[in-house]
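Engineer: structure for the following, please:
(chains A and B)
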There are 2 protein chains.
Amino acid sequence: MKEYKLPKGFFASGVHCGVKRKRRDLALFYSEEPCNTTALFTRNRAKAAPVILAQKQLKKNNLIRAVVVNSGNANCMTGKRGMKDAVKMAGTIAELLKVAENEVLVSSTGIIGKFMPMDTILKGLPSLVKKLSLSGLEGASEGIMTTDRLKKIEIRFFSAGGKPITMTAVAKGAGMIKPDMATMLCYVMTDARVAKKALEKALKKATEVSFNAITVDGDMSTNDTVMLMANGKADNKIIKDKGKDFEIFQKNLTDICTEIAKLVVRDGEGANKLIEVRVKGARSVIDAKEAAGAIASSMLVKCAVLGGDPNWGRIASAVGASKAFFDINKLEIILDGVTLLKNSNFYEVDRRTSSIFKSSDVLIEVNLHNGKKEAVVFSCDISKKYITFNSFYTT
Amino acid sequence: MKEYKLPKGFFASGVHCGVKRKRRDLALFYSEEPCNTTALFTRNRAKAAPVILAQKQLKKNNLIRAVVVNSGNANCMTGKRGMKDAVKMAGTIAELLKVAENEVLVSSTGIIGKFMPMDTILKGLPSLVKKLSLSGLEGASEGIMTTDRLKKIEIRFFSAGGKPITMTAVAKGAGMIKPDMATMLCYVMTDARVAKKALEKALKKATEVSFNAITVDGDMSTNDTVMLMANGKADNKIIKDKGKDFEIFQKNLTDICTEIAKLVVRDGEGANKLIEVRVKGARSVIDAKEAAGAIASSMLVKCAVLGGDPNWGRIASAVGASKAFFDINKLEIILDGVTLLKNSNFYEVDRRTSSIFKSSDVLIEVNLHNGKKEAVVFSCDISKKYITFNSFYTT
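Structural biologist: Model (predicted):
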């Protein structure tokens, strides 16, 4: 059995309290030392109560010791009562852990527009605290899941500031249809000692090429949260926002976030295949992202991948309708390594193309031949299961 | 049997030549007098050859006598050979009709990235011309269809410039998933005498609230075409771009285009329900369109409508993620006449909500309470059939 290691000084737990019918629905991450913490949240105007609370809290105090998460209810569009419930959750955990209230953050995920079943949740919190352990990561990972099929945990070991560092990420997220990415939550914990500015810079950069490369254009759900907590227990020389140590930290964080993002896409509701869209030859990164995003979010392209159909015309049409600037006569399309369009010459579907879109990882490469910038966006195919999942959710 | 009347001086026909297996695949619209003609085309950079040709042609000469359309092949991404094929189609029809080559336009719809089966098409053209008749509209309507289930013909009778006028529109289009609206073709014929400037102004305005209100954000397919032809056979006093006659003309054109647009949505691949999204209380029309478009194109909202699930949280999330400006605490959501969110108060699903999203026409009303502007966008639900349709197209 694979062991999921937490960084030094971190503990985790997950329990079932009854918000969801069977699976665990509460999770707790706790550090014995206060963590230098930074987070990125959804830009949706319909923000959930715990998101609003966490944003407020982190502005005043970014030394955090615990994050409590419930799944099954998003506590979103729940007005003043929702905010009171989120505050109550934080307060109760603070009391149980004997830490200050402003050292606890809350996250929620699940259905929008329903009040939290607070009695049920409050009853579950004591056992959640009791079960905190060094090996509680797997349970906590289940506690934050909703429609996820895959467990999303990633760990990296590296050296920085003269000491061995552990970095562990746990996440949930399985919807992936722009502009309605189902809630994505990700908690990255590390025992590295890192300056606040370095944490912020690193998380921003890592998110740009990972979680923001699956939401396509920055559209986000109501509860999306990516959090980075560093408790300094590795006792390393502090990592500042420049230099070799920062580069190593950044590389590992980007790496871990990208892997998690790919897991989220691979676990897309009803998805069978991971689609990697690489656009190069763009005059700007924005153009490259535009083009890649247009392809990655095209329903017709997703359907073609599902059907194993090398229908490059749909890709040309999607990129043609995007805001990216290019000359259609120079457009080059390569599907799973096979060039299908180049210099206005295209290739008929034949033996060479029979393997395209047939494996579980597919690659769409597009060269705009209009510059030197590039971008990668990850997506997944769509199947009938997606429709089933999402047609009968509340009722 | 319903009779589909052509305006005075117009003739139409549709035949099967063999591009498609069974259904008619060629159509011809012909006017014995040259028509003052204006058209709007796709803004996709990947324009089909006939679109490029028609744009060029209309710049030089907008007095058109005939439009020939084939379905089954889009003649798109086909380079120089594609252009040669489109020119050949126009030339052949001109010869057969004994009109000038620059009086004939061409449209194509179907698969992208395949050369036109020109032998098959050229063989079909003589009988297409022979079959031209006053009652050929229904056949022509079938000749331009691809995955359409519904016939799309609309007729209006009105008086303008002192004479009775007939206006007849025929269209195809059945895909409706942004940003990949399958090709939409629409030909509006009228016997009114209309000045060029008035035609252009009227078509632009009508398209804005009809066809552009179903493509959501102006993204278009490779072959989209809306054409307005006026041959003046009604012998009315010429309609200029102002005044009461223009208003009547505009009203009827807008009306006819809106009805056709709704038919296209209703016929969305695998769709069961027409969704009307009305956003009001916006600070600008652009904001209203943004919000309405975000709701109308949300996969999760479409799934909720399919499932008859009054999941207003998904609507709040979609509009919250849009670029529209508003205060989430003032957001009001009314589904099929039932208020579900107002002043941060929401309503639990109960008897009152059991009829929501259950009929074939559903209405989503959102008030941003942030101004006086509004917009309407039409959409449809999505079903498993959409996936089936689009997963196995070329192969």
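
Engineer: could you chop chain A up by domain?
Structural biologist: Using automatic domain parsing, the domain ranges for chain A come out as A:10-266, A:274-391.

Engineer: reformat these as CSV; add distance to chain B, mean neighbour count and mean pLDDT.
Structural biologist: C-betas here are computed from N, CA, C, even on glycine. Shown next, in CSV, are those (distance: least, CB to the nearest CB, whole Å; neighbours: other CB atoms under 10 Å in any protein chain shown; pLDDT from 0 to 100):
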stretch, distance to chain B, mean neighbour count, mean pLDDT
domain A:10-266, 3, 21, 92
domain A:274-391, 3, 21, 89
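
Engineer: which stretches of chain A form strands?
Structural biologist: A:10-15, A:26-41, A:63-73, A:104-111, A:153-160, A:163-172, A:185-190, A:225-230, A:274-282, A:332-335, A:338-342, A:345-346, A:361-367, A:373-380 (DSSP state E).

Engineer: using PDB, write out the CA atom coordinates for the fourth one.
Structural biologist: Extracted C-alpha coordinates of strand A:104-111, given in PDB (Å, rounded to 0.1, in the frame of the first residue of the first chain):
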ATOM      1  CA  VAL A 104      -8.300  28.400  11.400                       C
ATOM      2  CA  LEU A 105      -9.700  28.600   7.800                       C
ATOM      3  CA  VAL A 106     -12.800  27.000   6.400                       C
ATOM      4  CA  SER A 107     -13.600  25.500   3.000                       C
ATOM      5  CA  SER A 108     -16.800  24.000   1.700                       C
ATOM      6  CA  THR A 109     -17.700  22.200  -1.500                       C
ATOM      7  CA  GLY A 110     -21.000  20.700  -2.800                       C
ATOM      8  CA  ILE A 111     -24.400  22.000  -3.700                       C
END
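
Engineer: quick one, it and strand A:63-73 angle?
Structural biologist: 20 degrees (axes from the mean of the first three to the mean of the last three CA atoms, to 10 degrees).

Engineer: and what of the first one?
Structural biologist: Angle of strand A:10-15 versus strand A:63-73, following the same axes, to 10 degrees, is 20 degrees.

Engineer: next, the angle strand A:274-282 makes with the longest helix along chain A.
Structural biologist: The helix that spans the most residues within chain A, counting by DSSP state H, is helix A:243-266. Going by the same axes, to 10 degrees, helix A:243-266 is angled at 130 degrees with respect to strand A:274-282.

Engineer: so what's the gap between helix A:243-266 and the chain middle?
Structural biologist: Centroid displacement of helix A:243-266 relative to its chain, using CA atoms, centre = their mean, to the nearest Å, is 11 Å.

Engineer: that one packs against which elements?
Structural biologist: strand A:153-160, strand A:163-172, strand A:185-190, helix A:196-209, strand A:274-282, strand A:373-380 (3 or more CB pairs under 8 Å, 6 or more residues apart in numbering or on different chains; DSSP states H and E).

Engineer: quick one: contacts of the first one?
Structural biologist: I take that to be strand A:153-160. If you take CB atoms under 8 Å, 6 or more residues apart in numbering or on different chains as the criterion, strand A:153-160 is touched by A:4-5, A:137-138, A:141, A:164-171, A:192, A:236, A:239, A:245, A:248-249, A:252, A:255-256, A:259-260, A:263.

Engineer: follow-up on the earlier one: format the helices and strands packed on helix A:243-266 as CSV; extra columns: distance to A:R43.
Structural biologist: What follows is the helices and strands packed on helix A:243-266, written out as CSV (distance: least, CB to CB, whole Å):
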stretch, distance to A:R43
strand A:153-160, 25
strand A:163-172, 19
strand A:185-190, 16
helix A:196-209, 12
strand A:274-282, 23
strand A:373-380, 18
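
Engineer: so which of these gets nearest B:K22?
Structural biologist: For B:K22, the closest of these is strand A:274-282, at 34.2 Å, according to CB to CB.

Engineer: packing partners of the closest one?
Structural biologist: The contact analysis (3+ CB pairs under 8 Å, 6+ apart) places strand A:274-282 against helix A:243-266, helix A:285-296, helix A:299-306, strand A:361-367, strand A:373-380.

Engineer: if you set the cut-off to 6 Å instead, what comes out?
Structural biologist: Where contact means 3 or more CB pairs under 6 Å, 6 or more residues apart in numbering or on different chains; DSSP states H and E, strand A:274-282 is packed against helix A:285-296, strand A:361-367, strand A:373-380.

Engineer: nearest to A:T109, of these?
Structural biologist: The nearest among the helices and strands packed on strand A:274-282, by CB to CB, is strand A:373-380 at 19.6 Å.

Engineer: and the angle from that closest one to helix A:285-296?
Structural biologist: Going by the same axes, to 10 degrees, strand A:373-380 makes 20 degrees with helix A:285-296.

Engineer: in chain A, what residue sits furthest out from the centroid?
Structural biologist: Using CA atoms, centre = their mean, the residue of chain A lying farthest from its centre is A:N345. It sits 38.9 Å away.

Engineer: got a list of what it touches?
Structural biologist: Not one residue lies near A:N345 by CB atoms under 6 Å, 6 or more residues apart in numbering or on different chains.

Engineer: over to A:L125?
Structural biologist: Taking CB under 6 Å, 6+ apart, we find A:L125 in contact with A:T92.

Engineer: gap between the nearest residue to A:F346 once chain neighbours are set aside and A:T166?
Structural biologist: Closest residue in space to A:F346, ignoring its immediate chain neighbours: B:G113 at 5.3 Å, by CB to CB, 6 or more residues apart in numbering or on different chains. Distance of B:G113 to A:T166, computed by CB to CB, to the nearest Å: 50 Å.
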